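Engineer: Pasted the sequence and its predicted model underneath.
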Amino acid sequence: MFPGQEHNTFVGCVGHPGSGIRAPGRPAAGAGTLKAMIPTLEWTPEGVRFLDQTRLPLEETYVLATTYQQVAEVITTMVVRGAPAIGVSAAMGLAMGVKSSQAATVPSLAAEFETMCRTLAATRPTAVNLFWAIERMKQLFSTVISVPGTTVETVRKALTEEALRMYDEDIAACRQMGAHGAPLLPVSGGVLTHCNAGALATCGYGTALGVIRAAVEQGHEIHVYADETRPFLQGARLTAWELMHDGIPTTVLCDNMAASLMRQGKIRAVIVGADRIAANGDVANKIGTYGVAVLAKEHGIPFFVAAPWSTVDLRTATGDAIPIEQRPEIEVTHHAGRQLTPHGVGIENPAFDVTPARYVTAIITERGVLRPPYSESLQELAGAASAS
Ligand code: MRU
């Protein structure tokens with residue numbers, strides 16, 4: 001698909017033939033505490049290097065995107081996915097676009113930059129981290145070019161540094177979420193998760209899986225139950241792969257088995273990520289999350305959401321206003337190239353659903369743990385952060 005695609009057959013879940021590629025002078029974030037950094041995405045001098053998540057868990061394949069259009073394609077086709085990872089990928093795409101632009105003057109670079117932002121913003125509509133990241137890069141661009149005498153080279157440097165900063169901040173936020181959220185998880189027993197909100201959905205460590213990792217690091221004896229997550233199978237393919245990589249006991253279940261396991265008492269808590277959290281605490285996340293939340297409430301099981309503050313969208317009043325991405329029908333009609341459904345049958349494929357705030361026991365962010373009523377606690381935390 002991409003000129004820089006390399007292929008590496010992956011057998012089992014035992015380590016990565018590490019890329020070793022990292023921006024000069026930057027340490028491997030989390031080194032020494034993680035078993036091995038899962039290289040979800042990396043800035044390299046040649047381009048942005050992505051672990052191809054469409055091929056996991058059987059093949060470890062990397063894609064090198066050398067243009068911003070290729071970064072956009074990588075996001076649309078879900079080579080990289082997960083709200084925080086999408087945001088940082090877009091930022092790196094913009095930095096890459098500006099770096100490789102032929103523009104000789106700042107005004108012509110500014111015109112090109114607008115097109116780059118529009119292209120990346122058109123990739124996936126639900127994860128607000130995408131728009132947050134583009135907005136942050138846009139603001140920096142405006143600030144830098146407002147300084148008299150700014151050159152194209154100055155803009156390039158500033159945007160690259162900002163994208164790398166966002167990468168590091170994302171990992172730090174995940175670790176903070178882990179520290180805040182770990183005490184909420186049971187000391188032992190089953191914890192259910194849906195989709196993949198792990199290292200693969202972030203720049204490293206993960207949100208929901210980061211909280212699980214932190215709890216395990218603190219000695220909790222957790223057994224993860226991973227919903228397979230039809231139709232893209234993020235749970236079966238990705239969550240299972242990365243938890244096995246870290247040696248965390250994991251069982252995959254089909255999405256329709258969660259109710260029965262809860263009834264048997266096997267699930268002590270549920271923890272998921274989020275693509276967008278509205279001002280009233282409604283949470284958009286992978287399709288199927290809403291059903292899990294309703295089941296958790298029925299069985300008296302706490303339902304936690306872990307997400308960085310960049311997933312909070314205070315400009316969207318409620319979940320009803322969150323745009324829900326519709327994915328191609330082929331993701332439902334086919335599996336591994338084989339057709340499953342009769343020709344011509346109607347197909348639904350919304351990628352996300354909205355869980356009303358009343359089902360959410362707590363929202364774990366890097367800024368702290370929020371409790372209901374979220375319309376108040378979200379505003380309070382937003383105010384506290386802007387005051388500090
Ligand atoms: O369609 P995807 O795989 O991008 O959806 C991902 C999810 O729904 C995740 O739960 C969410 O982005 C949080 S990732 C930390």
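Structural biologist: Ah, there it is.
Engineer: What backbone torsions are found at the residue nearest to residue 361 when sequence neighbours are not counted?
Structural biologist: Closest residue in space to residue 361, ignoring its immediate chain neighbours: residue 302 at 4.2 Å, by C-beta to C-beta, 6 or more residues apart in numbering. (Each C-beta comes from the backbone N, C-alpha and C, glycine too.) Note on residue 302: its backbone torsions stand at phi -70, psi 140 [degrees, to the nearest 10].
Engineer: and the gap between residue 302 and residue 269?
Structural biologist: As for residue 302, its distance to residue 269 is 5 Å (criterion: C-beta to C-beta, to the nearest Å).
Engineer: OK, now which residue of the chain is nearest to the ligand?
Structural biologist: residue 273 (2.7 Å; C-beta to the nearest ligand atom).
Engineer: what number of residues lie near that residue?
Structural biologist: Look at residue 273: counted by other C-beta atoms under 10 Å, it has 32 neighbours.
Engineer: which ones are touching the nearest residue to it once chain neighbours are set aside?
Structural biologist: Using C-beta to C-beta, 6+ apart and skipping the chain neighbours, the partner closest in space to residue 273 is residue 197 (2.7 Å). Residues near residue 197 by C-beta atoms under 8 Å, 6 or more residues apart in numbering: 82, 206-209, 272-274, 306.
Engineer: before we move on, what about residue 196?
Structural biologist: Per C-beta under 8 Å, 6+ apart, neighbours of residue 196: 81-82, 209, 229, 234-235, 238-239, 242.
Engineer: With residue 208 instead?
Structural biologist: If you count contacts by C-beta under 8 Å, 6+ apart, then residue 208 has 193, 197-198, 271-273, 304-306 around it.
Engineer: How about the contacts made by the residue most central in space within the chain?
Structural biologist: Geometric centre of the chain, nearest residue: residue 82, 2.6 Å, by C-alpha atoms, centre = their mean. For residue 82, the contact set (C-beta under 8 Å, 6+ apart) comprises 127, 196-198, 200-202, 273.
Engineer: Now do it, the pLDDT please.
Structural biologist: pLDDT recorded at residue 82 is 98.
Engineer: Any chance of the backbone angles for the closest residue in space to residue 201 that isn't next to it in sequence?
Structural biologist: Spatial nearest neighbour of residue 201, chain neighbours left out: residue 82 (2.2 Å); criterion: C-beta to C-beta, 6+ apart. The phi/psi pair for residue 82 (degrees, to the nearest 10) reads phi 100, psi 130.
Engineer: did I read that right, residue 104 in a helix?
Structural biologist: No. Under DSSP: H, G, I helix; E, B strand; the rest coil, residue 104 sits outside any helix and is assigned coil.
Engineer: count of residues packed around the residue nearest to residue 313 when sequence neighbours are not counted?
Structural biologist: Spatial nearest neighbour of residue 313, excluding adjacent residues (C-beta to C-beta, 6+ apart): residue 128 at 4.4 Å. Neighbour count for residue 128, taken as other C-beta under 10 Å: 27.
Engineer: any idea how far stretch 83-94 is from the chain center?
Structural biologist: Distance, stretch centre to chain centre, for stretch 83-94: 10 Å (C-alpha atoms, centre = their mean, to the nearest Å).
Engineer: The protein against the ligand: which residues are in contact?
Structural biologist: Contact residues (C-beta under 6 Å from any ligand atom) of the chain with the ligand: 81-84, 127, 195, 197, 201-202, 207, 234, 272-275, 285-286, 351.
Engineer: Give me the neighbour count for residue 321.
Structural biologist: 14.
Engineer: Now for it: which residues touch it?
Structural biologist: Taking C-beta under 8 Å, 6+ apart, we find residue 321 in contact with residue 278.
Engineer: Residue 109 now?
Structural biologist: Contacts of residue 109 by C-beta under 8 Å, 6+ apart are 98, 101, 103, 152, 155.
Engineer: Spatially nearest residue to the fourth one, not counting backbone neighbours?
Structural biologist: The shortest distance from residue 152 to any non-neighbouring residue, by C-beta to C-beta, 6+ apart, is to residue 109 (5.4 Å).
Engineer: got it, and the last one?
Structural biologist: Nearest residue to residue 155 in three dimensions, chain neighbours excluded: residue 144, at 5.4 Å (C-beta to C-beta, 6+ apart).
Engineer: okay but the one you found is in contact with residue 156, surely?
Structural biologist: No. Counting by C-beta atoms under 8 Å, residue 144 does not reach residue 156; the two are 9.8 Å apart.
Engineer: ok, which stretches of this protein are helices?
Structural biologist: Taking DSSP state H as the test, the helices found in the chain are 68-76, 83-100, 106-121, 128-145, 152-181, 208-217, 240-245, 258-263, 289-298, 330-333, 374-387.
Engineer: Okay, angle between the fourth one and helix 106-121 too, please.
Structural biologist: Relative orientation of helix 128-145 with respect to helix 106-121: 180 degrees, computed using axes from the mean of the first three to the mean of the last three C-alpha atoms, to 10 degrees.
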